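Just to be clear, the model below is a prediction. Sequence and coordinates:
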Amino acid sequence: MEVCPMENSFENLSSKYELIKQGAEARIYKGMYLNRPSIIKERFKKSYRHSDLDDYITKDRIKAEARSIVRCKAAGVRTPAMYLVDFYRRCIFMEEIVNSKTVKDYLEELAQNGDGNSTRKDIQFITEEIGKSVAKMHSSNIIHGDLTTSNILVVNCEDVNGRYLVFIDFGLSSADPVAEDKAVDLYVLEKALISTHANAEELFPAILESYSQCNTKRAADVVRKLEEVRARGRKRTMVG
């Protein structure tokens, strides 16, 4: 991975890359970089913040995101390869994960087109792999910050690797050993499943079981905190 603090060969990404998504914090482009299919995440300037403060916050968040991706790889969690961290253009250039679809789309397709036994095996694969991967992250004190089925990709390979999961979008990630922050990570995932998947009542317990099996030393503390986080969430819902 190359780190480029000051590079101005082009400032307008849209002149070279295709804009595919824009959110509140960043624009996502795709195209070829170093002759490889790539995704470029640009954190654009915020006019409502003082420019010096905006530059500081943006640089700090880019560093945190890049650091989390690297730490995930070290923990055995698949993430996109990073090609370039460019502070001048406020960008991270990274690998485009080809032959993939989001877990959200994958589960929706299974719900519509699945055929019983094979569907159960596919769902078991997904829930076990999510649980294992999140456990590895949390064991390394990595908090994803936005765990949803839209931020996990299923990759189908025809070689010996078969299927595997890739975690993406670490824009809200952080490093924290606190059990409650890990519990919030799981709570975000649970709420995302409930809001988007009809069989969420089966999916999340299976994920949590896999998580607990792979993170036996600390899982009990995190699960206890998860119950507290759920209780606070229910209270906020009741109060409005």
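Nice, I can see it.

which regions of the chain lie under the pLDDT threshold?
The model of the chain has pLDDT under 70 over residues 1-11, 114, 116, 158-161, 234-240.

where along it do the strands fall?
Chain-ordered strands for the chain, with DSSP state E as the definition, fall at 2-4, 18-22, 27-33, 36-42, 82-86, 91-95, 100-102, 142-143, 152-156, 163-167, 174-175.

Turn those into TSV, including distance to residue 187 and mean neighbour count.
C-beta coordinates here come from the backbone N, C-alpha and C atoms, glycine included. As requested, these are exported to TSV (distance: least, Cβ to Cβ, whole Å; neighbours: other Cβ atoms under 10 Å):
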stretch	distance to residue 187	mean neighbour count
strand 2-4	34	12
strand 18-22	25	12
strand 27-33	26	17
strand 36-42	25	19
strand 82-86	28	19
strand 91-95	27	23
strand 100-102	20	17
strand 142-143	12	24
strand 152-156	16	20
strand 163-167	17	18
strand 174-175	16	14
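
between these, which one is nearest to residue 222?
strand 142-143 (11.3 Å; Cβ to Cβ).

Check what contacts that closest one and list those residues.
Residues lying outside strand 142-143 but in contact with it, judged by Cβ atoms under 8 Å, 6 or more residues apart in numbering, are 68, 71-72, 75, 137, 173-176, 181-182, 184-185.

about what we covered before: now render the strands of the chain as CSV, adding distance to residue 52.
As requested, the strands of the chain are arranged in CSV below (distance: least, Cβ to Cβ, whole Å):
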stretch, distance to residue 52
strand 2-4, 21
strand 18-22, 25
strand 27-33, 22
strand 36-42, 19
strand 82-86, 19
strand 91-95, 20
strand 100-102, 37
strand 142-143, 28
strand 152-156, 36
strand 163-167, 33
strand 174-175, 23
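
Quickly list what the residue lying closest to residue 101 once chain neighbours are set aside is bridged to.
Ranked by Cβ to Cβ, 6 or more residues apart in numbering and with sequence neighbours excluded, the top spatial neighbour of residue 101 is residue 154, at 5.8 Å. Beta bridges link residue 154 to residue 101, residue 165, judged by DSSP bridges.

Thanks a lot, catch you later.
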